[in-house]
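Undergrad: How does the following fold in three dimensions:
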Amino acid sequence: MLGRGCPTQRKQLRLHTKLRVRHPVQTGHYGKRALVIKTVLRYAKPYKRALSGGYRTLRGGIADASPGWAQRRLGRGLDYFDLIFVDHHIFRFIYSNRHKVAPGVWRASQPAPFQIRAFARKGVRTIINLRGERDCGSYRLEAHACRRNGIKLVDFPMRSRGVPDEQMLRELDVLLRDIEYPVLLHCKSGADRVGLMSALYLILRENRSPEEAMQQLSMKYGHFRQADTGVLDHFLESYIEYNKVTPIGFMDWVNTVYDRKKVKSTFAPKSWANTVVNTILGRE
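TA: Residues are numbered from 1 along each chain as shown. As a prediction, the model looks like this:
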C-alpha cells in the first residue's frame, strides 16, 4: 500500500491541489451565480435549438399546405414569433442600442418593422444589414418593411469573430461611397460588426483619426474586446501602430501592408469574456 510519504501519492496530491486551485468556482473567477447561469444555458441549448428548428419546420409546413391568404396571415405571425423569441427581439424592445455615428448615419441592433418606419420618418434612405440575407422571420420582416417604406436594403455580411479580408474591405469602401444617405447600419445586437462598420465609416468617409474611430468598438455599445470579438479591435490597432511609425491612408495600408494571417495569429481572447459573450449573451 502507498503511505502518505510515498512519492507517487505526493505527486498525485500536488496534481489534485493544482487542479482544485485553478477551478473557477474555487477561485471565485466567475462566481457561483455566473456558473449557475452558464450551466443552465448549456443544458438549455438543445431545447433552444429544437424550438428554433421546430418553428421553421412548422412554418415550412404551413407554407406548403395552406392557401395563399393563410400563408400571408399565419406566415407573418410566425415571422413575428421568430423575430421576438427566436431572434431575441424581446430584449431589443427594451433597448435597441441605437446611436448616431455622424450626421446622417445611425447604428443599431436588428430593427423591427415599426423601428424601420421610424427611421424612414427620419429620412433614412438605405439600411445596411451586416447579418446578410437569411431564411428567418427577422429578415423577411425587415425586407418587407424596407420595400413598404421606400428604403433600399443592402445585405453586406460581416463576421464578428473574424479578421476582415482585403476584398471585403475594398467592397466596403465602394459601398460607403456609393450608397444614398442617410443610412442605418445594423447587425444583431448592435455591438460588434456594426461597431467595426461605424469605425470604418468614420475613417473612410469622415477622415477621422483611427484612434477616435475605435471608440465605436466600446463597452458602451456592449462590445467585449477581451472576447473573440476583440479581434476587430486588434485589426484596427494593427493599422494604428503602423500608421504611427509610417503614416499611410487606411486603404493604402489594406492594399500594400495588411497581413490578415498575422493579425489573426497575434490575437489571444480571454476565456471568461468568451463565456459572457458566447454562452450568457448568446451573441451571433
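Undergrad: hey, let's count contacts and neighbours off CA atoms from now on
TA: OK.
Undergrad: Spell out the residue ranges of the strands in the protein.
TA: 99-102, 105-108, 126-129, 152-155, 183-186 (DSSP state E).
Undergrad: Please state the offset of the last one from the chain centre?
TA: In other words, strand 183-186. With C-alpha atoms, centre = their mean, to the nearest Å as the basis, strand 183-186 stands 14 Å off its chain's centre.
Undergrad: strand partners of it, parallel vs antiparallel please.
TA: Here strand 183-186 is paired, per DSSP bridges, with strand 105-108 (parallel), strand 126-129 (parallel).
Undergrad: so where is the chain shaky, pLDDT-wise?
TA: Low-confidence segments of the chain, defined by pLDDT under 70: 1-34, 36-73.
Undergrad: Contacts for stretch 116-124, please.
TA: With C-alpha atoms under 8 Å, 6 or more residues apart in numbering as the test, stretch 116-124 has contacts from 104, 142, 145-146, 149-151, 181-184.
Undergrad: Please read the previous query as pertaining to stretch 148-168.
TA: So stretch 148-168 is in contact with 116-117, 120, 124-133, 143, 146, 192-193, 228-232, 235, 254-255, 260, 263-264, 284, going by C-alpha under 8 Å, 6+ apart.
Undergrad: what about the helices in the stretch 51-200 of the chain?
TA: Secondary structure of the stretch 51-200 of the chain (DSSP state H, counting those that start in this stretch): helices at 68-81, 89-92, 113-121, 137-148, 166-178, 193-204.
Undergrad: So which of the strands paired with strand 183-186 has the densest surroundings on average?
TA: strand 126-129 (a mean of 24; mean count of other C-alpha atoms under 10 Å).
Undergrad: then that one to CSV, C-alphas only?
TA: What follows is strand 126-129 as a C-alpha-only set of coordinates in CSV (Å, rounded to 0.1, in the frame of the first residue of the first chain):
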residue,chain,number,x,y,z
THR,A,126,-30.6,53.0,-47.0
ILE,A,127,-30.2,50.2,-44.5
ILE,A,128,-27.0,48.1,-44.5
ASN,A,129,-27.7,44.7,-43.0
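Undergrad: ok now it, how far from the chain's centre?
TA: With C-alpha atoms, centre = their mean, you get 16 Å for strand 126-129.
Undergrad: now swap in stretch 226-246 and tell me
TA: 18 Å.
Undergrad: May I see the buried residues of that stretch?
TA: Neighbour counts over stretch 226-246 (16 or more other C-alpha atoms under 10 Å) mark 226-237, 239-240 as buried.
Undergrad: Select from those every entry located in helices.
TA: Among these, the members falling in helices (DSSP state H) are 231-237, 239-240.
Undergrad: just those residues now: which is nearest residue 87?
TA: Residue 87 has its nearest neighbour among these in residue 232, at 23.4 Å by C-alpha to C-alpha.
Undergrad: Pretty sure residue 196 is one of the things the closest one touches, is it not?
TA: Yes. Residue 232 lies in contact with residue 196 (C-alpha atoms under 8 Å); the separation is 6.7 Å.
Undergrad: Just give me the neighbour total for residue 197.
TA: 23 (other C-alpha atoms under 10 Å).
Undergrad: Leaving out the residues flanking it, which one is nearest to it?
TA: Excluding the flanking residues, the one nearest residue 197 by C-alpha to C-alpha, 6 or more residues apart in numbering is residue 185, at 7.7 Å.
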